[in-house]
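K.L.:
Take a look and give me a structure for this.
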Amino acid sequence: MDFSWVKDLAEQANKVEEDRRAQKRCETEREKQLAVSTAPFIEKLHLVVSTCAEEFNKYVHYNGGKVLTTRVQKRVKRTINEKDAELSYPEEATYFAITRKDWTYGIRGCAGQVEFIELPSGGEPLSVRLDEVGATPSRKLVAYVDETSQKIGWKQDDKVVDGQEIMSICRDYFRELIERTN
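P.N.:
Predicted structure coming up:
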């Protein structure tokens with residue numbers, strides 16, 4: 001009796017498993033790419049928002065009306081894929097806050113998602129970690145990999161946003177803080 005067909009079945013099963021593993025590795029590489037892009041993006045948002053605050057504070061005559069900005073905070077939650085040195089990376093929560101009078105606005109991000117949150121406060125930047133606050137975000141940006149360029153881009157409500165639109169989001173966010181606290 002010829003059992004060569006069993007070998008063919010085994011080879012076919014091996015090929016399916018190899019393809020599955022390659023696909024899983026590709027997905028894991030993409031997840032890593034999105035996750036490690038979050039902190040640098042938040043640092044850029046911080047630069048934009050803190051520049052708005054500095055400019056605003058130059059023209060405000062009363063100390064109680066100034067905007068306070070925290071520095072960027074980073075906290076490693078855990079290591080992802082720690083058994084694979086090539087795919088290993090720290091899952092890092094990154095955030096900062098801007099405060100004026102009795103409101104704190106914060107931008108936080110982790111694993112390719114950036115959230116804009118607003119919280120009532122006592123006029124001082126929150127001493128809690130914004131990555132642990134259970135506030136519902138007013139805006140959310142989600143990282144994606146552009147298939148053509150293989151570069152990271154950002155979406156809001158499943159719509160791709162470019163640099164100008166991101167600047168506009170930051171400007172509107174800052175304006176909302178000022179208008180809310182006037």
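K.L.:
from here on, contacts and neighbour counts on C-alpha atoms
P.N.:
Fine.
K.L.:
Let me know whether Ser138 touches Leu119 as I believe.
P.N.:
No: under the criterion of CA atoms under 8 Å, Ser138 makes no contact with Leu119, lying 10.9 Å away.
K.L.:
Looking at the two, which one has more neighbours?
P.N.:
For Ser138 against Leu119, the residue with the higher neighbour count under other CA atoms under 10 Å is Leu119, and the figures read 16 against 10.
K.L.:
Any stretches of the protein with poor pLDDT?
P.N.:
122-128 (pLDDT under 70).
K.L.:
May I have the strands that pair with the strand of greatest length in it, each with its orientation?
P.N.:
For the chain, the longest strand by residue count, based on DSSP state E, is strand 89-100. As defined by DSSP bridges, the strand partners of strand 89-100 come to strand 68-69 (antiparallel), strand 73-80 (antiparallel), strand 103-110 (antiparallel).
K.L.:
Touching the second one from outside, list them.
P.N.:
The set of residues that contact strand 73-80 without belonging to it, under CA atoms under 8 Å, 6 or more residues apart in numbering, is Ala39, Leu87, Ser88, Tyr89, Pro90, Glu91, Glu92, Ala93, Thr94, Tyr95, Phe96.
K.L.:
need the contact list for Arg139.
P.N.:
Applying CA under 8 Å, 6+ apart to Arg139 gives the contacts Glu115, Phe116, Ile117, Gln156.
K.L.:
For the last one, which non-adjacent residue is closest in space?
P.N.:
Just to be clear, that refers to Gln156. Distances taken as CA to CA, 6 or more residues apart in numbering place Leu141 nearest to Gln156, at 4.8 Å, with adjacent residues excluded.
K.L.:
what does the first one give?
P.N.:
Nearest residue to Glu115 in three dimensions, chain neighbours excluded: Lys140, at 4.6 Å (CA to CA, 6+ apart).
K.L.:
That neighbour touches Phe116, doesn't it?
P.N.:
Yes: the pair Lys140 and Phe116 qualifies as a contact (CA under 8 Å) at a distance of 6.3 Å.
K.L.:
Quick one: the helices in the chain, in order.
P.N.:
In order along the chain, the chain carries the following helices (DSSP state H): 4-59, 163-181.
K.L.:
Tell me which other helices or strands the first one touches.
P.N.:
Based on contacts counted as 3 or more CA pairs under 8 Å, 6 or more residues apart in numbering; DSSP states H and E, the elements that helix 4-59 packs against are strand 68-69, strand 89-100, strand 103-110, strand 113-120, strand 139-145, helix 163-181.
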